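**Q** next input, structure requested:
(one chain, ligands or ions: 1)
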Amino acid sequence: MGKGNRPIDKSMAKTIFEGNILIPLPKLLVGNRFHSLFSIISPTHCDFCGTKLNVDSHYTRFILTSYSTITLNTTYWICPNCQKHYHDEIVGVSGSANYSDEFYDKQKFVRYDGRCSLNNSCRIGEDIQKA
Ligand SMILES: [Zn+2]
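**A** Residues are numbered from 1 along each chain as shown. Below is the predicted model of the structure:
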């Protein structure tokens, strides 16, 4: 037994902000820039005609992640010129999925045959049966 205090690994220390423990999230390369996991990337201009997009509506998405279920306020966009619709991208979440890519990968890795009792996991069972 050593004497005195044990050295503390300060690299893993977490910060508390307004009663919550803050966890730094990994950064992912999207296009040519690094973005934090679960950050929101909004489209700005129409892919077809180049017109600046207007806000169409706001909506809240709930995403299952290995950190916990998170809520994100995202936006639907519309081109005022050609009426095409666009939506925000969430870094680390494919399309309109209810779970993050890292959550899906961990679930596939841990479970056999896609059988599991977690919510929203029936998609995995479908995919494996089709394959
Ligand atoms: Zn347009």
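**Q** any idea how far the spatially most central residue of the chain lies from residue 50?
**A** By Cα atoms, centre = their mean, the mean C-alpha position of the chain lies nearest to residue 38, the distance being 3.7 Å. To residue 50, residue 38 is 29 Å away according to Cβ to Cβ, to the nearest Å. Any C-beta I mention is one placed from the backbone N, CA and C, and that applies to glycine too.
**Q** partners of residue 74 in the sheet?
**A** Taking DSSP bridges as the rule, residue 74 bridges to residue 59.
**Q** just the pLDDT at it, thanks.
**A** We have a pLDDT of 96 for residue 74.
**Q** which residues sit in contact with it?
**A** By Cβ atoms under 8 Å, 6 or more residues apart in numbering, residue 74 lies in contact with 40, 58, 59, 60, 61, 87, 88, 90.
**Q** cool, residue 8 as well?
**A** For residue 8, no contacting residues are found, by Cβ under 8 Å, 6+ apart.
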